[in-house]
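J.: All I have is the shape, not the residue letters:
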């Protein structure tokens, strides 16, 4: 049973990273797209966040079940992995989800400003500031480093 739980934990971790990677790619793509209409189309390729949450839940449940069966709940590395994952999740929400809202609002404001020919310079600046924000790089670095720490903890079980 343990091997199946580990298999499912890793499978859902891969699926999570695949779906989440599309979010990261779109964030990085916004930086180089000056056309708000074209930038708006990037939202079409991003999976609904609820599916990423389901994958996260499945990954976590199978991982915790495997840790329980193996008798590792008294090991620090299990709880350290969970703390690192929660810290990554908080950072992703703060710098990722909030960025998506910011860029969405800026795109719609610029499209409306172009349509009505009002407040165009302010809307253009808002859009440029949003797409050039460092959020994409922050979540990429946090995600990669955080994943490396979790992988290290799970593989080497140092604590």
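T.: Nice, I can see it. Remember, predicted model here, so these are calculated numbers, not experimental data.
J.: tell me which residues in the longest helix anywhere in the chain are buried?
T.: Ordering each helix of the chain by length in residues (DSSP state H) puts helix 2-30 first. Residues of helix 2-30 classed as buried: 5-6, 8-9, 12-13, 15-16, 19-20, 23-24, 26-27, 30 (neighbour count, 16 or more other CB atoms under 10 Å). Glycine gets a C-beta too; all of them are placed from N, C-alpha and C.
J.: again with stretch 89-106
T.: Buried residues in stretch 89-106, counted by 16+ other CB under 10 Å: 91, 92, 95, 96, 99, 100, 102, 103, 106.
J.: Mark which of those residues are part of helices, please.
T.: Among these, the members falling in helices (DSSP H) are 91, 92, 99, 100, 102, 103, 106.
J.: Is the second one in contact with residue 140, as I believe?
T.: Looking back up the chat, that one is residue 92. No - counting by CB atoms under 8 Å, residue 92 does not reach residue 140; the two are 10.4 Å apart.
J.: which residues does the residue lying farthest from the centre of the chain contact?
T.: Distance from the C-alpha centroid of the chain peaks at residue 117, with 35.2 Å (CA atoms, centre = their mean). For residue 117, the contact set (CB atoms under 8 Å, 6 or more residues apart in numbering) is empty.
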